[in-house]
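Asker: fold the following and give me the result.
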Amino acid sequence: QVQLVESGGGLVQAGGSLRLSCAASGRTFSSYAMGWFRQAPGKEREFVAAISWSGGSTYYADSVKGRFTISRDNAKNTVYLQMNSLKPEDTAVYYCAADQYSNIATMRPLYDYWGQGTQVTVSS
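Answerer: Okay, here's the model as predicted:
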């Protein structure tokens with residue numbers, strides 16, 4: 001069982017940066033693939049970024065590639081999402097998720113545990 005708590009969301013102007021954190025409970029965090037998803041009002045929850053259990057592999061949605069960076073610190077049971085050059089279309093609730101079976105995953109149904117989400121609002 002893993003519990004996930006996101007933090008770091010907020011209001012930022014277009015072009016600005018934010019760093020989201022996701023703190024995980026449990027001693028097996030280092031064995032989980034982790035991902036970030038987001039959901040804008042009236043839209044489906046979509047994949048943003050993923051990282052393998054070791055941190056050696058990462059994957060990004062085309063819409064954030066080159067602007068967002070996912071990383072993890074297994075000693076701190078934390079995964080991060082550094083978001084630069086933010087755009088109004090990045091406005092959404094951002095969720096972190098844990099997948100206990102895959103090395104790395106981009107599909108929402110593969111993830112077993114979810115956080116409660118943190119709001120990111122980018123003003124133009």
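
Asker: give me the nearest residue to Asn84, chain neighbours excluded.
Answerer: The shortest distance from Asn84 to any residue that is not its chain neighbour, by Cβ to Cβ, 6 or more residues apart in numbering, is 4.7 Å, and that residue is Ser17. Every residue, glycine included, has its C-beta placed from N, CA and C.

Asker: and the closest residue to Leu4 other than its chain neighbours, how many neighbours does it have?
Answerer: Setting aside the residues directly before and after it, Leu4 is nearest to Gly115 in space (Cβ to Cβ, 6+ apart), at 3.6 Å. Gly115 is flanked by 21 other residues according to other Cβ atoms under 10 Å.

Asker: which residues touch the nearest residue to Arg67 once chain neighbours are set aside?
Answerer: Spatial nearest neighbour of Arg67, excluding adjacent residues (Cβ to Cβ, 6+ apart): Ser85 at 4.7 Å. For Ser85, the residues meeting the contact criterion (Cβ atoms under 8 Å, 6 or more residues apart in numbering) are 15, 17, 67.

Asker: show me which of the residues you listed is closest to Ala40.
Answerer: Ala40 has its nearest neighbour among the contacts of Ser85 in Arg67, at 16.5 Å by Cβ to Cβ.

Asker: as a whole number, average confidence for the helix or strand hosting Ile70?
Answerer: Ile70 belongs to strand 68-73 when elements are defined using DSSP states H and E. Strand 68-73 shows a mean pLDDT of 98 in the predicted model.

Asker: cool, and stretch 97-116?
Answerer: Stretch 97-116 comes out at a mean pLDDT of 93.

Asker: list the buried ones in it?
Answerer: Of all the residues in stretch 97-116, those buried under the rule 16 or more other Cβ atoms under 10 Å are 97-99, 102, 104-106, 110-111, 113-115.
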